[in-house]
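*Asks:* okay, here's the prediction I keep looking at, along with the sequence it came from:
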Amino acid sequence: MNRKKLQLLVDSLGQSSKHFTKSEVECLIKLFNMLVAESRSRFAAVGFDCNVFRDVLYRMFGMMDDMMMDRVFRTFDRDNNSCISVEEWVGGLAVFLRGTLEERIKYCFEVYDLNGDGYITRDEMFQMLKNSLLKQPSEEDPDEGIKDLVDIALKKMDYDHDGKLSFVDFEKAVRNENLLLEAFGPCLPDIKSIMAFEQKTFQETRKL
């Protein structure tokens, strides 16, 4: 990408991205271009696919849960074309790294709403918790323990008592108790990996 084209992209993304400075946007674009160059996928002209993205989540943020990584990819991939474009990359990272509580609530809800119908159902909770919890070999039936957790979550978060969580339920629960933001599995990076990523990306990439 030549300097002029990069500058135009930085200007346009810098205006829409309220959480990054223009020089930070430039660093994120450079990192994106490096990832695209390494990927050699069929999407190379426009971006990179789920495999490259999952590798980023694993290497840079320590994420290991396949199901969660897939869901994070779907949330970044706004136009559902199975490829992360540079706009989706910068926009997604703005919330992922520096989102307001409001933005993170919306993001986590989207991650947890597996079929995109606007609700987190009992089945969806069960699936996510089953995936993210370690199975204890001594347990007779680990599924029973997960069902109990789902019941506890519903009791605490289902304000209108309809047996599933709407966005309104989820938002209200998280605002009352911030720890419930990632109730159904880790889908946001911890502060340590955010700091490491930002230092590497914004300080080291700037030198390139």
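*Replies:* Great, that's in hand. Residues are numbered from 1 along each chain as shown.
*Asks:* right, and the helix or strand after the helix or strand of the chain with the lowest mean pLDDT?
*Replies:* Lowest on mean pLDDT, DSSP states H and E among the helices and strands of the chain sits helix 3-16, with a mean of 82. Beyond helix 3-16 in the direction of the C-terminus, DSSP states H and E gives the next helix or strand as helix 22-39.
*Asks:* now do that following helix: everything it contacts.
*Replies:* Defining contact as Cβ atoms under 8 Å, 6 or more residues apart in numbering, one finds that helix 22-39 is touched by 1, 6, 9-11, 13-14, 17, 20, 44, 47-49, 51-52, 56, 86, 89-90, 93, 201-202, 205-206, 208. Where C-beta positions appear, they are placed from N, C-alpha and C, glycine not excepted.
*Asks:* buried sites along that helix?
*Replies:* Neighbour-count burial for helix 22-39, with 16 or more other Cβ atoms under 10 Å as criterion, is recorded at 24, 25, 26, 27, 28, 29, 30, 31, 32, 35, 36, 39.
*Asks:* now, among the residues you listed, which is nearest to residue 107?
*Replies:* residue 28 (17.4 Å; Cβ to Cβ).
*Asks:* near the residue nearest to residue 16 when sequence neighbours are not counted, how many other residues are there?
*Replies:* Excluding its sequence neighbours, the residue lying closest to residue 16 (Cβ to Cβ, 6 or more residues apart in numbering) is residue 91, at 7.2 Å. By other Cβ atoms under 10 Å, 17 other residues sit near residue 91.
*Asks:* of all the buried residues of helix 22-39, which two lie farthest apart?
*Replies:* Between any two of the buried residues of helix 22-39 (Cβ to Cβ), the greatest distance is 22.5 Å, for 24 and 39.
*Asks:* and stretch 80-99, what's buried?
*Replies:* Result for stretch 80-99 [16+ other Cβ under 10 Å]: buried residues 83-99.
*Asks:* cool, stretch 112-125 as well?
*Replies:* In stretch 112-125, counting by 16+ other Cβ under 10 Å, buried: 112, 113, 114, 119, 120, 121, 122, 124, 125.
*Asks:* the fourth one and residue 183, how far apart?
*Replies:* Here the criterion is Cβ to Cβ, to the nearest Å. By it, residue 119 lies 15 Å from residue 183.
*Asks:* in which helix or strand would I find the most centrally placed residue in the chain?
*Replies:* With distances taken as Cα atoms, centre = their mean, the residue of the chain nearest its centroid is residue 72 (3.8 Å). Under the criterion of DSSP H and E, residue 72 resides in helix 66-76.
*Asks:* list the helices and strands that helix packs on?
*Replies:* Where contact means 3 or more Cβ pairs under 8 Å, 6 or more residues apart in numbering; DSSP states H and E, helix 66-76 is packed against helix 50-61, helix 86-98, helix 101-112, helix 122-132.
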